[in-house]
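Asker: predicted structure and sequence below. I'll ask about it afterward.
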Amino acid sequence: METLNHAKVTRVALVGAGAVGASFAYQLTTASLCEELVIIDINKAKAEGEAMDLNHGVSFASSPMRVWAGDYADCGAADIVVITAGAPQKPGETRLDLVEKNAKIMKSMIGEIMASGFDGMIIIASNPVDIMTHLAWKYSGLPKHRVFGSGTVLDTSRLRYMLGDYFNVDPRNCHAYIMGEHGDTEFAAWSNARIYGKSVEQLLEENDEYTWEDLEDIYVNVRDAAYHIIERKGATYYAIGLGLLRLVKAVLRNENTLLTVGAYLDGEYGLHDIHIGVPAIINRQGVRQVVEIELSEEEKQKMHHSADVLMKTMQPVL
């Protein structure tokens, strides 16, 4: 696999200055990961306002960064393009309800990005993210390892937080994954979960306070978290902003770290020609490797059901 051109100046281009994009941009300015951030939005005034606001805090950051509102031509020199633009999920809407309108937006954006001469990596967060990632890959013509989505990275983070709270342990010591669609058909891979090195089954056997019913409630709360947050504050953006920063960091620092992203499958888990949330090793190449973890038979069925739902939903826009 080829790696990105390692220019002296590292540039990230952000397409979408809405709540998710602005949250990511803010986190990026504090992270010392790149020297340049260009913000692109159909609402140029919004992009300009975000750039102005971010620049006013640059003197507080640990390293200098140039931030400006630009256009698609600025993607030509970018190492990574992060796309958060698209119609947002409204109360009562599922992510899959957004397919048709966001597919048209994605096709237009990718066309503009590629016309700039861009030859880097694309990370997608626009919903429904698995479908938008697959479309972005097809429209771009880039190698499959250089286009991936946020997938279930946020859902996995939500799961780890709730498991940490339940077992009274640091969430970073809760190794468990949400897989499948970033949405209603996602599932928790309990058979592979480890809490400070112990399997979930072992913990439940050792302590009567812990039950499968509680774990099922945790999974449901993870799956439905966006609905709960949207009902209360209208949108989710802080955690996904941090999730996107984590992905960019894994790429730019060549971390070879395991994250649950929307990766292209070509036979892994028995699935073909689809982007879906799976554990994958992320480095400067993008998706270095999709990791096939052991799943129970029930979990395998859930994985294939999730993929079937995505494929059927995607067919009209393909």
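Answerer: Arrived safely, thanks for sending.
Asker: ok, residue 318 to residue 308 distance?
Answerer: Applying C-beta to C-beta, to the nearest Å, the value for residue 318 to residue 308 is 15 Å. All C-beta spots, glycine's among them, are computed from the backbone N, C-alpha and C.
Asker: pick out whichever of the two has more residues nearby.
Answerer: Neighbours were counted for residue 318 and for residue 308 using other C-beta atoms under 10 Å; residue 308 has more, 13 against 10.
Asker: how much space between the more buried one and residue 151?
Answerer: According to C-beta to C-beta, residue 308 and residue 151 sit 17 Å apart.
Asker: kindly report the same for residue 286.
Answerer: Applying C-beta to C-beta, the value for residue 286 to residue 151 is 13 Å.
Asker: please identify which of the two sits among more neighbours.
Answerer: Taking other C-beta under 10 Å, residue 286 and residue 151 do not tie; residue 151 has more neighbours (32 against 27).
Asker: just confirm that one contacts residue 182, I think it does.
Answerer: Yes: using C-beta atoms under 8 Å, residue 151 is in contact with residue 182, at 5.9 Å.
Asker: overlap of the contact sets of these two?
Answerer: 129-130, 262, 277 (C-beta atoms under 8 Å, 6 or more residues apart in numbering).
Asker: format those as TSV; extra columns: neighbour count, secondary structure and pLDDT.
Answerer: Shown next, in TSV, are the shared contacts of residue 151 and residue 182 (neighbours: other C-beta atoms under 10 Å; DSSP: H, G, I helix; E, B strand; the rest coil; pLDDT from 0 to 100):
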residue	neighbour count	secondary structure	pLDDT
129	32	helix	96
130	32	helix	97
262	31	strand	98
277	30	strand	98
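Asker: wait, which of those residues is closest to residue 188?
Answerer: Nearest to residue 188 among the shared contacts of residue 151 and residue 182: residue 277, at 11.6 Å, using C-beta to C-beta.
Asker: residue 237 versus the closest one, what's the distance?
Answerer: As defined by C-beta to C-beta, residue 277 lies at a distance of 19 Å from residue 237.
Asker: what do you get for residue 64?
Answerer: Look at residue 64 and residue 237: by C-beta to C-beta, they are 26 Å apart.
Asker: residue 35: what's it in contact with?
Answerer: 9-11, 64-66.
Asker: buried residues of stretch 285-296, list them for me.
Answerer: Residues of stretch 285-296 classed as buried: 285-290, 295 (neighbour count, 16 or more other C-beta atoms under 10 Å).
Asker: ditto for stretch 209-218
Answerer: Buried residues in stretch 209-218, defined by neighbour count with 16+ other C-beta under 10 Å: 210, 215, 218.
Asker: same check, this time on stretch 271-278
Answerer: Residues 271, 274-278 are the ones in stretch 271-278 that count as buried (16+ other C-beta under 10 Å).
Asker: swap in stretch 187-201?
Answerer: 187-193, 195, 200.
Asker: one more: stretch 168-175?
Answerer: Of the residues in stretch 168-175, 171, 174 count as buried by neighbour count, 16+ other C-beta under 10 Å.
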